[in-house]
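Q: Need coordinates for the following:
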Amino acid sequence: MKLHIKYMVSDRCKVLVQNELTSLGLLSEYVMVDLGTVDLHKDITDIQVEELKEKLNLDALQIPEDSKNKLIDKIKRLITDMINSAEEQPKVNYSVYISEKLGYNYNYLANLFSEVKGITIQQFIIIHKIEKAKQLLFIDALTLSEIAHRLHYSSVAHLSSQFKKVTGLSPSFYKHLKDKRESVLENL
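A: Have a look, this model is predicted:
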């Protein structure tokens, strides 16, 4: 396993990295530390990588994020931005939008997302659209029809169906619970 380390520019930095590896029990005869890289002949766990990142950050050194994770973060950010500004944006196909914005084939992005996150892009989109719908229901200024339109659902029934699958509640029952909670708080 090879780790790249940013800002590792001197022998002093090499010593710092060796010390941090030793403190984590990762330095052995099978490790080679060079400027900008650490070669581990065994893979280390994600937890160990995170611990090393934290320790190196204290020494002003950084392990750059994995390019796969950076791409996943970009996908997530695009989706949440689209959902949060859905009212201002024209209705577009998420797969086309994501593919065009990131410059990758959508099938590649979808497979990568599923592999890393354990859910599909579509499931991620649905979960976040329902969270936005819950926020809009909580505001109480919009009808379910307006929320469905704002979030680019084909119908209120489609929104209601997905809402129930994700939350276990219908949108109207969710709104009723919110109203009931508010009335209880007012009577205290």
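
Q: rest of the way, CA atoms for contacts and neighbours
A: Noted.

Q: So what's the residue count around Lys101?
A: When neighbours are defined as other C-alpha atoms under 10 Å, Lys101 has 11 of them.

Q: and Lys129, how many neighbours does it have?
A: Lys129, neighbours per other C-alpha under 10 Å, totals 25.

Q: err, Lys134, not the other one
A: Per other C-alpha under 10 Å, the neighbour tally for Lys134 reads 18.

Q: ok, now Lys164?
A: For Lys164, the neighbour count with other C-alpha under 10 Å is 15.

Q: Met8 now?
A: Using other C-alpha under 10 Å as the criterion, Met8 is surrounded by 20 other residues.

Q: Look up how far Val116 lies from it.
A: In this view, Met8 and Val116 are 29 Å apart by C-alpha to C-alpha, to the nearest Å.

Q: Next: Ile83.
A: Taking C-alpha to C-alpha, one finds Ile83 at 22 Å from Val116.

Q: the helices in the chain, which residues?
A: For the chain, the helices defined by DSSP state H cover 11-23, 46-58, 67-84, 94-102, 106-117, 121-139, 144-150, 156-167, 171-186.

Q: Having no further points to raise, I will conclude here.
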